[in-house]
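Enquirer: fold the stuff below for me.
(one chain, ligands or ions: 1)
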Amino acid sequence: MSFKIDYLNELMTTVEKRNANEPEFHQAVREVLESLEPALVRNSDYIYSGVIERLVEPERTVKFRVPWVDDHGMVHVNRGFRIQFNSAIGPYKGGLRFHPSVYEGIIKFLGFEQIFKNSLTGLPIGGAKGGSDFDPKGRSDMEIMRFCQSFMTELYKYVGADTDIPAGDIGVGAREIGYLFGQYKRLTDQFNGVLTGKGLSYGGSLARREATGYGLCYYTEKMLATAGMSFNGTRVVISGSGNVAIYACEKAQALGATVVAMSDSDGYIVDNNGINLEYVKEIKEQNKGRIRDYRIYVPLAEYHAGSRGIWGVKCDIAMPCATQNEIDEDSAFSLMAGGCRAVAEGANMPSTLEATKAFLSGGVLFAPAKAANAGGVATSALEMSQNSQRMPWTFDEVDTRLRTIMENIFDNCYSTSEEYGKPGNLVVGANIAGFLKVADAMMSQGIV
Ligand code: NDP
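Expert: Residues are numbered from 1 along each chain as shown. All right, here's what the predicted structure looks like:
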């Protein structure tokens, strides 16, 4: 037993040395390694075949210059990344993030998480992630277009409908995907499903926009049911007001919850009568405005500067849907002190390791991101199927498949947690279940 723990500790030390100054990547790897011991006890072949050493090292990392010209004729240079982490179970798949905080370590942690998430969907997709430190905020449509065209002028060499299929993430929505797709088509002369999250008029899927937020709620419903709870009648706090947050709010409300708070990186609003989502959509989706503008529509709502304070708002269920490490240990204790009984992660790695441990030892129901937010990538894989068939499906058809996929992911995580001696611990369940499928595929394919 201790041999396995020593092995995992040594591997963690190597990862830290080899990827110096990338704390987000260390955190993501540590969480997975801490879960895997029971799987290694059952099957030591995972150690002897070096499968975990290979899993923590990307298959390929592409890093490139992205020069572009702003509306005043000034030249800017950003960095572009694509990390193709693991293709054992299918072509690389994962989003692109445009945000000034992006550097190799962020893309690496996201790509690593994506391997397990994609595996959990049950669909044949490998893990990757990409992006740039470009900040789209305040940029005109033409500036965004020029940036996207320059980004794709390099990226197109490494992606393809059967090799690597990027999608959106923070800062990359339908507009950016459209410009990226247009440039890919121009460079390659091919109209295919190389990107997902496309517009409906050129190969996009109905319900892809809603998928991550809706899927999060479908997963959470199943988790709540294990404790005899449901969304109905609960008070819910959701961080962020982007794609994931808006559609998590929409579905939670439809299931009977009252969503009382939402945020952006400047601050958060509290509306005890329940957030009016139409106003949030108008502010965020149409006007690209700030969440504080909600008070123009609802003057009695509160606005507080600073986004972290949102975890002090009393709630039954918290859904972090903004960014990584937005809930630290103190925020976790504030949530629990306010009566929070369930946390469902919509963002990637929104809870620090300490916060996760606090929730688990405090008896809070905890839905980890790599399982709970897999609805987006699952529906992207459904978009790929529709593209291959050249046949669009209806909203209800996609939504029904999404619900089934999320329920299956929950069942898989739950039964794996029981099978490996940690009943109800969905972090362990998700990590082991996601790992086993990829590891077994890697072992079958030899040392590659
Ligand atoms: P969007 O760009 O649509 O929205 C991001 C939201 O988070 C905005 O409200 C933004 O506020 C806020 N935000 C971003 N950075 C910070 C920060 N440092 N502090 C506080 N708030 C911040 O992105 P998505 O909704 O697509 O993504 C949100 C999260 O969900 C990310 O972790 C992403 O990786 C994850 N995810 C997304 C999927 C998808 O399908 N889109 C799929 C699976 C996971 P502001 O406008 O002020 O920046």
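Enquirer: wouldn't Phe231 be in contact with Ala257 here?
Expert: Yes: proximity of Phe231 to Ala257 meets the contact threshold set by Cβ atoms under 8 Å, at 4.2 Å. Quick note: C-beta positions are derived from backbone N, CA and C, even for glycine.
Enquirer: looking at those two, which is more packed in?
Expert: Regarding Phe231 and Ala257, a neighbour count based on other Cβ atoms under 10 Å identifies Ala257 as having more, with 25 against 22.
Enquirer: tell me the pLDDT at the more buried one?
Expert: pLDDT, Ala257: 98.
Enquirer: and it, how far is that from Ile238?
Expert: From Ala257 over to Ile238 the distance is 10 Å, taken as Cβ to Cβ, to the nearest Å.
Enquirer: over to Gln114?
Expert: In terms of Cβ to Cβ, Gln114 sits 23 Å off from Ile238.
Enquirer: list residues touching both of Phe231 and Ala257?
Expert: Ile317 (Cβ atoms under 8 Å, 6 or more residues apart in numbering).
Enquirer: contacting residues for Lys422?
Expert: Per Cβ under 8 Å, 6+ apart, neighbours of Lys422: 38, 428-429.
Enquirer: what pLDDT does it get?
Expert: 96.
Enquirer: ranking by neighbours, what's the top pick from the contacts of Lys422?
Expert: Top of these by neighbour count (other Cβ under 10 Å): Gly429, with 28 neighbours.
Enquirer: can I get stretch 295-313 in PDB? Just the C-alpha atoms.
Expert: In PDB, the C-alpha atoms belonging to stretch 295-313 read as follows (Å, rounded to 0.1, in the frame of the first residue of the first chain):
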ATOM      1  CA  ARG A 295     -29.700  47.900 -10.900                       C
ATOM      2  CA  ILE A 296     -30.800  50.000 -13.800                       C
ATOM      3  CA  TYR A 297     -33.600  47.400 -14.300                       C
ATOM      4  CA  VAL A 298     -34.100  46.500 -10.700                       C
ATOM      5  CA  PRO A 299     -33.200  49.400  -8.500                       C
ATOM      6  CA  LEU A 300     -34.000  47.500  -5.300                       C
ATOM      7  CA  ALA A 301     -31.300  44.900  -6.000                       C
ATOM      8  CA  GLU A 302     -28.000  45.200  -4.200                       C
ATOM      9  CA  TYR A 303     -24.600  45.600  -6.000                       C
ATOM     10  CA  HIS A 304     -21.400  44.900  -4.200                       C
ATOM     11  CA  ALA A 305     -18.000  45.600  -5.700                       C
ATOM     12  CA  GLY A 306     -15.500  42.700  -5.600                       C
ATOM     13  CA  SER A 307     -16.600  39.200  -6.800                       C
ATOM     14  CA  ARG A 308     -15.500  37.000  -3.800                       C
ATOM     15  CA  GLY A 309     -18.100  38.500  -1.400                       C
ATOM     16  CA  ILE A 310     -20.700  36.500  -3.300                       C
ATOM     17  CA  TRP A 311     -19.900  33.400  -1.200                       C
ATOM     18  CA  GLY A 312     -21.100  35.300   1.900                       C
ATOM     19  CA  VAL A 313     -24.700  35.400   0.500                       C
END
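Enquirer: ok so, going back, quick one: which of Gln114 and Ile238 has more around it?
Expert: A direct count of neighbours by other Cβ under 10 Å for Gln114 and Ile238 places Ile238 higher, at 31 against 26.
Enquirer: can you verify the more buried one is assigned to a strand?
Expert: Yes: using DSSP: H, G, I helix; E, B strand; the rest coil, the assignment for Ile238 is a strand.
Enquirer: distance check, it against Ile296.
Expert: Where Ile296 is concerned, Ile238 sits at a distance of 20 Å (Cβ to Cβ).
Enquirer: spell out the secondary structure type for the closest residue in space to Gln253 that isn't next to it in sequence.
Expert: The shortest distance from Gln253 to any non-neighbouring residue, by Cβ to Cβ, 6 or more residues apart in numbering, is to Val259 (5.9 Å). Secondary structure assignment for Val259 (three-state DSSP): strand.
Enquirer: swap in Leu216?
Expert: helix.
Enquirer: going forward can the numbers begin at 560, since that is how I track them
Expert: OK, 560 is where the count begins now, so the last one is Leu775.
Enquirer: tell me the contacts of Tyr717?
Expert: 619, 621, 641, 643, 723.
Enquirer: from the residues you listed, which would you call buried?
Expert: 621, 641, 643, 723 (16 or more other Cβ atoms under 10 Å).
Enquirer: the second one belongs to a helix?
Expert: No: when the secondary structure is assigned by three-state DSSP, Arg641 falls in strand instead of a helix.
Enquirer: buried residues, stretch 582-600. List them.
Expert: Buried, per 16+ other Cβ under 10 Å, within stretch 582-600: 583-588, 590-599.
Enquirer: farthest pair in the residues you listed?
Expert: Glu583 and Pro597 (25.5 Å; Cβ to Cβ).
Enquirer: which residues pair with the residue nearest to Gln812 across the strands?
Expert: Beta-bridge partners for Val818, by DSSP bridges, are Val795.
Enquirer: list the contacts for it?
Expert: Per Cβ under 8 Å, 6+ apart, neighbours of Val818: 795-797, 808, 811-812, 833-834, 836.
Enquirer: what ranges do the strands span in the stretch 560-709 of the chain?
Expert: Assigned by DSSP state E, counting those that start in this stretch, the strands in the stretch 560-709 of the chain fall at 619-628, 634-645, 651-657, 685-691.
Enquirer: now the last one: average pLDDT?
Expert: Read it as strand 685-691. 98.
Enquirer: nearest to the ligand: which residue in the stretch 860-1007 of the chain?
Expert: Gly935 (2.9 Å; Cβ to the nearest ligand atom).
Enquirer: equivalent analysis for the stretch 610-759 of the chain, please.
Expert: Ile729 (4.0 Å).
Enquirer: then the chain?
Expert: Closest point on the chain to the ligand, by Cβ to the nearest ligand atom, is Gly801, at 1.7 Å.
Enquirer: the nearest residue to the residue of the stretch 860-1007 of the chain closest to the ligand once chain neighbours are set aside: neighbouring residues, count only.
Expert: Nearest-residue entry for Gly935: Thr771, 3.4 Å, with adjacent residues in sequence omitted and distances by Cβ to Cβ, 6+ apart. Look at Thr771: counted by other Cβ under 10 Å, it has 27 neighbours.
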